[in-house]
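Student: Show me the folded form of this:
(chains A and B)
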Amino acid sequence: MSNVALELTNVRKKIKNKEIIKDVNLTVRQGEVYGFIGPNGAGKTTTIRMIVGLMDMTEGEIKVLGKSIEKEYKDAARNLGAIVENPEMYPFMTGRQNLRHFARMYEDVPKGRVEEVVSLVGLDQAIDEKVSKYSLGMRQRLGIAQAILHKPAVLILDEPTNGLDPAGIREIRDYIRRLAVEDNVAVMISSHLLSEIELMCDRIGIIKHGELITEQSVKEVSEETEETEIKVILDVKEIEAAIDVLSSLELQGEKEGSQLVSLMPRESIPQVVNKLVEAGLTVYGITGVKPSLEDQFLELTGGNIIE
Amino acid sequence: MSNFFSLLYNELFKIYIRKSTWVMYIILGLIAIGGAIIMSSIDDVQPTNYTDNWQEELQEENETLQKDNEEFGYSFNDEQIMKNEYLLENDIRPLNYGAWQYTLENVGLVAIVSLLTIIIGSSIISNEYQWGTIKLLLIRPISRNVILLSKFMAIFVFALLTMIFLFLVSMLGGAIFFGFEGFNPSTVIMTGDGFEYVPIVGEVMSEYGYRIVNLIMMTTLAFMISTIFKNSSIAIGVGIFLLMGGSIITGIFSQYDWSKYLLFANLDLKMYETGNVLIEGMTLGFSITMLIVYFVVFVALAWIFFNKRDIVNQ
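Tutor: Coordinates of the predicted model:
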């Protein structure tokens, strides 16, 4: 196991007696991409603001490479790169001027680094145009560029896929994976859309009402699904009769349009097929649907929290 | 420390890259030159050019001025008459009007420099909130104090550069329309103890210098307000209102002894030179102490609010 890069211990945040973040504990290791999922208003951005030092925490501790963001702010901030919410830049300056501006705020960003970062995020064409003319996707790239200027050990990206088209999301995904694998960067990505970042994360934490309700590694989740119940779609002509067949096997079915949907362990499928055929029903097809992470988390969190 | 200069450079870059700043400079430049254009194109206000017969010319001028006084039944020309008499008595050849004197008269335009500085100072923090860039600024390995200081310093570098701009444009305009009096000309000015023959350069410096006090205090006040309220309109409004109305406020309360503790009562340090002290018992030391106290309070409030605040969305 590699070293812990970002560590949150018993973090709480109260604003006007309202507890917004309730005892959050989480760690992100070097080279790991951590997905931080929650609906809008669950406390994602508040947590991120505390990590980067924009907000004070009421209780607890946040450490970046072992340095406390409160007590050793400069040492901690030196190793942090972030986009917080929208990647807002100075609209009246060009992309390059913006990056130079932020590069000047570090003591150790070498001269050619701006150009290096620009080609990394693929903004070479537009870098000398004013940011006010940029599309949201271009701003996201510029936002990532400013976050990695100083080669941080921990990269925090708040909703980095917002406003990107699928091709753009794919590009960012590849890029983030590369950062984690090649440069050993610990990346924390927040999103309210699990499906968008599912593919780039090693581990996922879900926050709801300011509480980290579950944390799981992405691989773990998919392995588990092999044994647990999966969703099966039965395309049968006589739906009512099919429901009776299912109940004889102590299974439940639900009509969804012209199809029947049921949850069952994978091993029960052959048995169901047999029974349906025995009953003389017209079966057009049976499909087992592997639940997406999103479905699973919907289940885990007990409600439609993912907006 | 080189880091601090990078921050200062960043702040100045953000001020001077915007077109609105250059519009300000163009307006200031036009006003600074405009006076010269008007003066040189209207006969009545054109300055007299004295020749070698200046003694006769001065006497003639005084007779005309005296007549005017009698005609209007009001002695508004007295100061000029006395000044001319002083020149004659002391055998000082009057200095022909030129760039230095025009620049000295333009000292009133420092109010416009103050105005522009208040606008810049009021928006230097609140703009970052408005643009959303405050988040990107405050996640760097630089303490908030240093960021605040770099912004505060940038405002005064702006003021200094604008002041130099005003001075140069006034000199240039004066030189083009009226001529140049030389590098170190002297002139007669009125002080608390009558007339004095002094080098004009020193006079220009001290006149501009006195007005800088007002500029610094009002800008610091506006900077504090905008840091607390994150809103430039309030700060600009209050700053300009007090810049313009400060003397009126002092006037209203000047009958009370406590009014000497008001900021505005202490802004004009020139009163100690001319002797027209606003409220009896005030001294230069007292005013400077009061100014320092106000300055420290303003800066401390801005500092406390900027440091303590959670940065959230507007």
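Student: residues in the stretch 1-150 of chain B within reach of chain A, list them.
Tutor: Residues of the stretch 1-150 of chain B lying close to chain A by C-beta under 8 Å from any C-beta of the partner chain are B:2-3, B:6-7, B:9-10, B:13-14, B:17-19, B:131-133, B:135-143. Heads up, the C-betas are built off the backbone N, CA and C, glycines and all.
Student: A helix includes residue A:23, no?
Tutor: No - applying DSSP: H, G, I helix; E, B strand; the rest coil, one finds residue A:23 to be strand, outside a helix.
Student: Can you tell me how far it is from residue A:35?
Tutor: Distance from residue A:23 to residue A:35, counting by C-beta to C-beta, to the nearest Å: 20 Å.
Student: Could you pull out the strands in chain A for me?
Tutor: A:4-15, A:18-29, A:33-37, A:59-64, A:67-68, A:80-83, A:154-158, A:186-191, A:203-208, A:211-217, A:230-236, A:253-256, A:259-264, A:283-289 (DSSP state E).
Student: about what we covered before: can I have the buried ones of the residues of the stretch 1-150 of chain B next to chain A as a ChimeraX selection?
Tutor: Selection of buried members from the residues of the stretch 1-150 of chain B next to chain A for ChimeraX, criterion 16 or more other C-beta atoms under 10 Å in any protein chain shown:
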select /B:6,7,10,13,14,131,132,133,135,136,137,138,139,140,141,142
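Student: Now, the residues of the stretch 1-150 of chain B next to chain A that are in helices?
Tutor: B:2-3, B:6-7, B:9-10, B:13-14, B:19, B:131, B:135-137 (DSSP state H).
Student: Nearest to residue B:310, out of the strands of chain A?
Tutor: strand A:4-15 (8.0 Å; C-beta to C-beta).
Student: Given that closest one, what are its sheet partners and their directions?
Tutor: strand A:18-29 (antiparallel), strand A:59-64 (antiparallel) (DSSP bridges).
Student: so what pLDDT did the closest residue to chain A within chain B get?
Tutor: When you check chain B against chain A by C-beta to the nearest C-beta, the closest residue turns out to be residue B:132, at 3.2 Å. In the prediction, the pLDDT value recorded for residue B:132 is 91.
Student: Could I get the full set of helices for the stretch 101-250 of chain B?
Tutor: Under the criterion DSSP state H, counting those that start in this stretch, the stretch 101-250 of chain B contains helices at B:110-131, B:134-137, B:144-178, B:200-229, B:232-253.
Student: In the first one, which residues are buried?
Tutor: By 16+ other C-beta under 10 Å, the buried positions in helix B:110-131 come out as B:110, B:112-129, B:131.
Student: between that helix and helix B:2-16, how big is the angle?
Tutor: 100 degrees (axes from the mean of the first three to the mean of the last three C-alpha atoms, to 10 degrees).
Student: Helix B:144-178 and helix B:110-131, what's the angle between them?
Tutor: Counting by the same axes, to 10 degrees, helix B:110-131 points 140 degrees away from the direction of helix B:144-178.
Student: Helix B:110-131 - contacts with which helices or strands?
Tutor: For helix B:110-131, the packing partners by 3 or more C-beta pairs under 8 Å, 6 or more residues apart in numbering or on different chains; DSSP states H and E come out as helix B:2-16, helix B:19-41, helix B:134-137, helix B:144-178, helix B:200-229, helix B:232-253.
Student: Repeat the analysis, applying 6 Å as the threshold.
Tutor: Other elements packing on helix B:110-131 under the criterion 3 or more C-beta pairs under 6 Å, 6 or more residues apart in numbering or on different chains; DSSP states H and E are helix B:144-178, helix B:200-229, helix B:232-253.
Student: Show residues contacting that helix.
Tutor: With contact meaning C-beta atoms under 6 Å, 6 or more residues apart in numbering or on different chains, helix B:110-131 is reached by A:88, B:24, B:28, B:134, B:137, B:151, B:155, B:158-159, B:162-163, B:166, B:211, B:215, B:218-219, B:222-223, B:226-227, B:230-232, B:235-236, B:239, B:243, B:314.
Student: chain center to that helix, what's the gap?
Tutor: Computed by C-alpha atoms, centre = their mean, to the nearest Å, the chain-centroid distance of helix B:110-131 equals 16 Å.
Student: And the helices in chain A?
Tutor: Secondary structure of chain A (DSSP H): helices at A:44-51, A:73-78, A:95-103, A:113-120, A:136-148, A:166-183, A:194-197, A:218-227, A:239-248, A:269-278, A:293-301.
Student: Around chain B, pick out the residues from chain A.
Tutor: Contact residues, chain A versus chain B (C-beta under 6 Å from any C-beta of the partner chain): A:52, A:54-55, A:74, A:77-78, A:82, A:84, A:88, A:90, A:92, A:101, A:104-105, A:107.
Student: ok, 8 Å please
Tutor: Selection of chain A residues close to chain B by C-beta under 8 Å from any C-beta yields A:15, A:49, A:52-56, A:73-75, A:77-78, A:80, A:82, A:84-86, A:88-93, A:97, A:101-102, A:104-107, A:146.
Student: What count of nearby residues applies to the residue lying closest to residue B:49 once chain neighbours are set aside?
Tutor: Once flanking residues are discounted, residue B:49 sits nearest to residue B:96: 5.5 Å by C-beta to C-beta, 6 or more residues apart in numbering or on different chains. When neighbours are counted by other C-beta atoms under 10 Å in any protein chain shown, residue B:96 registers 16.
Student: Now for chain A, the helix or strand with the poorest mean pLDDT.
Tutor: helix A:218-227 (a mean of 57; mean pLDDT, DSSP states H and E).
Student: With mean pLDDT, distance to residue A:200 and mean neighbour count as added columns, please give the strands paired with strand A:4-15 in JSON lines.
Tutor: JSON lines is the format used below for those (pLDDT from 0 to 100; distance: least, C-beta to C-beta, whole Å; neighbours: other C-beta atoms under 10 Å in any protein chain shown):
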{"stretch": "strand A:18-29", "mean pLDDT": "91", "distance to residue A:200": "14", "mean neighbour count": "18"}
{"stretch": "strand A:59-64", "mean pLDDT": "93", "distance to residue A:200": "21", "mean neighbour count": "19"}
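Student: Name all residues that make contact with the residue in chain A that chain B sits nearest to.
Tutor: At 3.2 Å from chain B, residue A:88 is the closest residue in chain A, using C-beta to the nearest C-beta. Residue A:88 sits next to A:139, B:131-133, B:135-136 when contact means C-beta atoms under 8 Å, 6 or more residues apart in numbering or on different chains.
Student: rewinding a little: ok, the residue of chain B closest to chain A to residue B:312 distance?
Tutor: According to C-beta to C-beta, residue B:132 and residue B:312 sit 11 Å apart.
Student: With residue B:52 instead?
Tutor: The gap separating residue B:52 from residue B:312 is 75 Å, by C-beta to C-beta.
Student: How about residue A:207?
Tutor: 18 Å.
Student: Compare the two and say which is more crowded by neighbours.
Tutor: Each of residue A:207 and residue B:312 has its neighbours counted (other C-beta under 10 Å); residue A:207 has more, 25 against 13.
Student: so that one sits right up against residue A:43, yeah?
Tutor: Yes - using C-beta atoms under 8 Å, residue A:207 is in contact with residue A:43, at 5.5 Å.
Student: list the residues that contact both of the two?
Tutor: With C-beta under 8 Å, 6+ apart, residue A:207 and residue A:43 have common neighbours residue A:24.
Student: what's the pLDDT at residue B:285?
Tutor: Looking at residue B:285, its pLDDT stands at 92.
Student: That one: what's it in contact with?
Tutor: Listed by C-beta under 8 Å, 6+ apart, residue B:285 has no contact partners.
Student: repeat for the one 5 residues further on
Tutor: Residues in contact with residue B:290, defined by C-beta under 8 Å, 6+ apart, are B:260-261, B:263, B:266.
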